[in-house]
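# 3D, please:
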Amino acid sequence: MANLSKEDKIYVAGHRGLVGSAIVRSLKRGGYTNIIGRTHSELDLTDQQAVRAFFEAEKPDVVVLAAAKVGGINANQTMPAEFAYENMQIQCNVIKCCHDYKVKKLLFLGSTCIYPKMAPQPIPEDALLTGPLEVTNEAYAIAKISGMEMCRFFKIQYGDDFISCMPTNLYGPYDNYDLSNSHVLPAMIRKFHEAKVNNAPTVELWGTGSPLREFLYSDDMADACVYLLENYSGEQHVNIGTGKEVTIKQLAELVKDTVGFTGDIVWNSDMPDGTPRKLADVSKLHSLGWTHKVELEEGVKLAYEWFKENVDTARM
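Presented below is the predicted three-dimensional model:
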């Protein structure tokens, strides 16, 4: 297992996104001082030669791969080829360079949507590849599975210290609030906020409100990632979550109350619900010595405060 030093050069791919920005904050809180990042315009991770030139020049000691093409049900269903191709390109380029340039530790971030649609609940790590995927995010899931397994294969064949983790549904600062491709919680924050500002009588939400979901505040996720970088070198990926779930209906009521919207919620049951239940089994993470700190009620307040303060610059 590679021992991290506070002076290690750490490259966080995707450092401006919800996940990457939280990991940068957590690393800084942990005393790491040499953190580097590149925006998409500075480095296109789908460009193999550009990625190789970057590793040649910078020679990072540690890499966190948090860059990905992501989106909600609508985006995944309408652009599956792009989701598969771009994510596989990013992963192949970065993971191979981590091996070729002898990076001492790589953390690859997946997502709990990699698990089979009808996986046992809560979902244990070994449920991976045991059944068909949820069709609404299949392309993204297949790409992520291939990246994760590639890390495992490099560990098996070469002994590389490449690890993977599977965060559950995340939310927090620097989230994506674009309604065409955002996830459920930031979409709700934006919808209820705009309805409140415009004195709208109702807010329409997709589906029936019945699916069960787990939500993790992004700074908690980041602290777990740094903890794994420092303490874990196992072959199997690790779920990151709270182990707690709410219905989408309960979430909607919580966001509505937090925002202070006083109108009604209209559920459009013609729209898809997605997977009926998705809860991560976090017993492995707990046994390694880490548990979450921010509960959903507090986290939604923090996320809404950030949204209000950054409404002009947020991804809309």
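
# give me the neighbour count for Trp206.
Taking other Cβ atoms under 10 Å as the criterion, the count of residues near Trp206 is 19. C-beta: built from backbone N, CA, C; applies to glycine.

# right, I mislabeled it, should have said His183
His183 has 20 neighbours, counted by other Cβ under 10 Å.

# please apply the same query to Ser41.
6.

# what kind of secondary structure is it in?
Three-state secondary structure (criterion: DSSP: H, G, I helix; E, B strand; the rest coil) places Ser41 in coil.

# could I get the phi/psi values of Thr33?
Backbone geometry at Thr33, expressed as degrees, to the nearest 10, gives phi -110, psi -10.

# ok, Phe162 next?
Given degrees, to the nearest 10, the pair of backbone angles that Phe162 has is phi -110, psi 120.

# any idea how far it is from Asp126?
Here the criterion is Cβ to Cβ, to the nearest Å. By it, Phe162 lies 19 Å from Asp126.

# more neighbours, these two?
Regarding Phe162 and Asp126, a neighbour count based on other Cβ under 10 Å identifies Phe162 as having more, with 25 against 12.

# report pLDDT for that one.
Among the per-residue scores, Phe162 shows a pLDDT of 98.

# in the sheet, who's paired with it?
In this structure, Phe162 has beta-bridge partners Leu106, where bridges are defined by DSSP bridges.

# for it, give its distance to Lys284.
The separation that Phe162 has from Lys284, given Cβ to Cβ, amounts to 18 Å.

# ok, now how distant is Asn74 from Leu43?
In this structure, Asn74 and Leu43 are separated by 28 Å, where distance is defined by Cβ to Cβ.

# alpha carbons of the helix or strand bottoming out on mean pLDDT in the chain, as PDB, please.
Least confident element among the helices and strands of the chain, by mean pLDDT, DSSP states H and E: helix 73-78 (a mean of 78). Listed in PDB are the C-alpha atoms of helix 73-78, where the atom choice follows Å, rounded to 0.1, in the frame of the first residue of the first chain:
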ATOM      1  CA  ILE A  73     -32.400  10.000 -16.800                       C
ATOM      2  CA  ASN A  74     -33.300  12.300 -19.700                       C
ATOM      3  CA  ALA A  75     -29.700  12.900 -20.800                       C
ATOM      4  CA  ASN A  76     -28.700   9.200 -20.400                       C
ATOM      5  CA  GLN A  77     -31.700   8.100 -22.500                       C
ATOM      6  CA  THR A  78     -31.100  10.500 -25.300                       C
END
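
# what is the subsequent helix or strand relative to it?
Proceeding N to C from helix 73-78, the next assigned helix or strand is helix 80-100, under DSSP states H and E.

# can you give me the strands in the chain?
If you assign secondary structure with DSSP state E, the strands in the chain sit at 10-13, 35-36, 62-65, 105-109, 162-167, 169-171, 202-206, 212-213, 215-217, 238-240, 246-247, 264-268, 277-278.

# for those strands, which one sits closest to Met79?
Ranking the strands of the chain by proximity to Met79 (Cβ to Cβ) places strand 202-206 first, at 18.1 Å.

# show me what that closest one is packed up against.
Counting contacts by 3 or more Cβ pairs under 8 Å, 6 or more residues apart in numbering; DSSP states H and E, strand 202-206 packs against helix 184-197, helix 248-259, strand 264-268.

# winner for burial among those?
Here the criterion is mean neighbour count by mean count of other Cβ atoms under 10 Å, and of the helices and strands packed on strand 202-206 the winner is helix 184-197, at a mean of 21.

# could you check the angle strand 202-206 makes with that one?
Orientation note: helix 184-197 sits at an angle of 160 degrees relative to strand 202-206 (axes from the mean of the first three to the mean of the last three Cα atoms, to 10 degrees).

# list the contacts for Gly234?
For Gly234, the contacting residues are Ile163, taking Cβ atoms under 8 Å, 6 or more residues apart in numbering as the criterion.

# compute the distance between it and Ser287, please.
Taking Cβ to Cβ, one finds Gly234 at 11 Å from Ser287.

# again with Gly17
29 Å.

# which of these two has more neighbours?
Neighbours of Gly17 and Ser287, each counted by other Cβ under 10 Å, are more numerous for Gly17; the result is 20 against 8.

# can you list phi and psi of the more buried one for me?
Backbone geometry at Gly17, expressed as degrees, to the nearest 10, gives phi -80, psi 180.

# can you give me the pLDDT of it?
Residue-level confidence at Gly17 comes out at 89, pLDDT.

# doesn't Lys69 make contact with it?
No - Gly17 sits out of contact with Lys69 when judged by Cβ atoms under 8 Å, with a separation of 10.8 Å.

# the strands of the chain into CSV, with extra columns for distance to Ile189?
Putting the strands of the chain into CSV (distance: least, Cβ to Cβ, whole Å) gives the following:
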stretch, distance to Ile189
strand 10-13, 25
strand 35-36, 28
strand 62-65, 26
strand 105-109, 23
strand 162-167, 19
strand 169-171, 8
strand 202-206, 11
strand 212-213, 15
strand 215-217, 12
strand 238-240, 22
strand 246-247, 15
strand 264-268, 14
strand 277-278, 20
